[in-house]
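> the following block contains a protein sequence and its predicted model.
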Amino acid sequence: MTLSTNQSSNVVVVSNSSDNPFAIDVAYAMGQHDDIADIISMKQFMNSEFCPRFISDESDFENIGRKLKGKAVVIVSTGSLVKSRQELAMTNLIIARAAKENGAERVILVEPDLFYSAQDRGASKDLGETSFDRDINDVKKFDGQPFTAKLYAQMLKLSGVDTVMTIHNHSDSVQKIFTEVFDGDFHNLIPYEIYSHYLLNSNILDYGEDGEGLVLCAPDKGARSFVQKMFNTLGLSKAKFIMLDKERTAERKVEITLHKESEHTFDGLDGASIILFDDMVRTGSTVVKSCQFLQKINPERMVFAVSHFYASDEGRQKMAHPALGEILTLNTLPTILNRDVQGRLRKKMVVLKVEKWLAQELCNILDLPQSHEQNPYKIDMSSKNPRFKRKIWFSEELHELKKK
């Protein structure tokens, strides 16, 4: 994907951290070759207060406060090993206000893992619209707490953000709130095509030409629509689709069963390759329990695909369990690319880097012409992964060469 100089000059890509490699890659894919650190200065006063400055020509006294006139400013916001999400969120607000006060026509927040999405409802039934009926126990869980997702949306809007783009947000309540606050200019990108292209063009799973021996699994009813769409996107007519059910018996304990509404049962699935999909993983308790339950099928391969991977110490320890073969994830939390963060899981990890895909989607939102790529992602795999040195064909061009 390439943009002309005139097109790219009307888009300014910054971040809440000037050395954020994810943001730098998005900026480069958007045609911005200046370093983010040369565009915005992350000033901090002696009292520790943050005050960003969009860098301008010091001798220019004709365009004071108008440096960004007519431009779209994109703020790329991800997690960090250095700053808390609270610090990063506040930084987003101040950068957005600085952009608008210096003439920006539009401010777009790109936050792949949307902050405060866990606090997606409050302590009364009118605080958050859910896809299920909230009983007294669900309402009680939020007793005394704020509906932070709504507060964050309102603060972003107040600061000057016009558009929010995220990836695979799990909460119906959050999506409805952001859609309402931003008058429909909220974009929840679901990586169906990214996952599909990789699964169809790699050897992470073993199955027949039409999907024989392949099982897609939803960990609960909430993930059903996502996995159903993945099933349809793959287009493998003989693949199977099963759905699990989980009952939380304590904060860190769950019981896994086959859901009574599952499209298929375990009959005839012995020795299949299974891929379990979910939007996020934190402690790993549920995914490991699910993989242990799925061992009843005696699977040939077991893969866990997750969009947002929080590599906590607890999660790394639990997901080293042998019931879980490989982990396929996106780099929405860029720290997952760090081998130290992966820890013992590096032998299982495959990370799909989606900066170019996000840049492509940004061009769609900004109505900018672009050259479209069918597989706008890159693959990061540790040399410790046993599949690292095998031949994997990832593009249509290579497939054609292989046929010849």
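It's in. Residues are numbered from 1 along each chain as shown.
> okay, and for the chain, where does confidence drop off?
Low-confidence segments of the chain (pLDDT under 70): 1-8, 248-253, 389-404.
> mind listing what's buried in stretch 139-154?
If you call a residue buried by 16 or more other CB atoms under 10 Å, then stretch 139-154 has these buried ones: 139, 142, 147-150, 152-153. Just so you know, the C-beta spots here come from the backbone N, C-alpha and C atoms, and that holds for glycine as well.
> not counting its own residues, what contacts that stretch?
Residues outside stretch 139-154 that contact it (CB atoms under 8 Å, 6 or more residues apart in numbering) are 89, 115-117, 119-125, 127-128, 164, 171, 173-174, 177-178, 181-182.
> pull up the distance across that stretch, start to finish.
From its first residue to its last, stretch 139-154 covers 22 Å (CA to CA, to the nearest Å).
> show me how far that stretch is from its chain's centre.
Relative to its parent chain, stretch 139-154 has a centroid offset of 22 Å by CA atoms, centre = their mean, to the nearest Å.
> could you do stretch 306-318 as well?
Distance, stretch centre to chain centre, for stretch 306-318: 14 Å (CA atoms, centre = their mean).
> is the nearest residue to residue 301 once chain neighbours are set aside bridged to anything, and to what?
In space, and not counting its chain neighbours, residue 301 is closest to residue 273: 4.3 Å by CB to CB, 6 or more residues apart in numbering. According to DSSP bridges, residue 214, residue 301 are recorded as the beta-bridge partners of residue 273.
> so who does residue 273 touch?
For residue 273, the contacting residues are 205-207, 213-215, 299-303, by CB under 8 Å, 6+ apart.
> how near is it to residue 314?
Computed with CB to CB, to the nearest Å, the distance linking residue 273 and residue 314 is 28 Å.
> do the same with residue 174
With distances taken as CB to CB, residue 174 is found 25 Å from residue 314.
> show me which of these two is the more surrounded one.
Applying other CB atoms under 10 Å to residue 174 and residue 314 shows that residue 174 carries more neighbours, namely 26 against 14.
> helix or strand for the more buried one, which one?
When elements are defined using DSSP states H and E, residue 174 is found to belong to helix 172-181.
> helices and strands around that helix, which ones?
The contact analysis (3 or more CB pairs under 8 Å, 6 or more residues apart in numbering; DSSP states H and E) places helix 172-181 against helix 148-159, strand 186-189.
> quick one: the helices in this structure?
Along the chain, counting by DSSP state H, helices occupy 5-9, 21-29, 85-101, 136-140, 148-159, 172-181, 192-200, 224-234, 285-294, 313-318, 339-342, 355-365, 396-403.
> for residue 52, which of those helices is the nearest?
Nearest of these to residue 52, taken as CB to CB: helix 85-101 at 5.2 Å.
> only C-alpha atoms, please: export the closest one in CSV.
Presented in CSV, the C-alpha positions along helix 85-101 are these (Å, rounded to 0.1, in the frame of the first residue of the first chain):
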residue,chain,number,x,y,z
ARG,A,85,-3.0,2.5,30.7
GLN,A,86,-4.2,5.3,32.9
GLU,A,87,-1.2,7.4,31.9
LEU,A,88,-1.5,6.5,28.2
ALA,A,89,-5.2,7.4,28.3
MET,A,90,-4.6,10.8,29.7
THR,A,91,-1.9,11.4,27.2
ASN,A,92,-4.4,10.6,24.4
LEU,A,93,-6.7,13.2,25.7
ILE,A,94,-4.1,15.9,25.8
ILE,A,95,-2.6,15.1,22.4
ALA,A,96,-6.1,15.2,20.9
ARG,A,97,-6.8,18.6,22.4
ALA,A,98,-3.4,19.9,21.2
ALA,A,99,-4.2,18.7,17.7
LYS,A,100,-7.6,20.4,17.6
GLU,A,101,-6.4,23.7,19.1
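> now do it: which elements does it pack against?
In terms of contact count using 3+ CB pairs under 8 Å, 6+ apart, helix 85-101 is assigned the packing partners strand 50-54, strand 72-76, strand 106-110, helix 148-159.
> 10 Å instead, please
strand 11-15, strand 40-44, strand 50-54, strand 72-76, strand 106-110, helix 148-159 (3 or more CB pairs under 10 Å, 6 or more residues apart in numbering; DSSP states H and E).
> partner strands of the fourth one, with direction?
Counting by DSSP bridges, the strands paired with strand 72-76 are strand 11-15 (parallel), strand 106-110 (parallel).
> what do you get for the third one?
For strand 50-54, sheet partners with direction are given as strand 40-44 (antiparallel), following DSSP bridges.
> show residues contacting the strand it pairs with.
12-19, 36, 49-55, 73, 75, 91, 95, 98-99 (CB atoms under 10 Å, 6 or more residues apart in numbering).
> which of the residues in stretch 49-63 are buried?
So, applying 16+ other CB under 10 Å, buried residues of stretch 49-63: 52, 54.
> ok now that stretch, how far from the chain's centre?
When distances are taken as CA atoms, centre = their mean, stretch 49-63 is centred 33 Å away from the chain's centroid.
> out of the strands paired with strand 72-76, nearest to residue 68?
Smallest distance to residue 68 across the strands paired with strand 72-76 (CB to CB): 6.6 Å, for strand 11-15.
> just the CA trace of that closest one, in PDB.
Once side chains and other backbone atoms are set aside, the C-alpha atoms of strand 11-15 remain, and they are given as PDB (Å, rounded to 0.1, in the frame of the first residue of the first chain):
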ATOM      1  CA  VAL A  11      -2.400  12.800   7.500                       C
ATOM      2  CA  VAL A  12      -0.200  13.200  10.600                       C
ATOM      3  CA  VAL A  13       0.400  10.000  12.600                       C
ATOM      4  CA  VAL A  14       1.600  10.300  16.200                       C
ATOM      5  CA  SER A  15       1.400   8.200  19.300                       C
END
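> tell me the angle of that strand relative to helix 21-29?
Taking axes from the mean of the first three to the mean of the last three CA atoms, to 10 degrees, strand 11-15 and helix 21-29 form an angle of 170 degrees between their directions.
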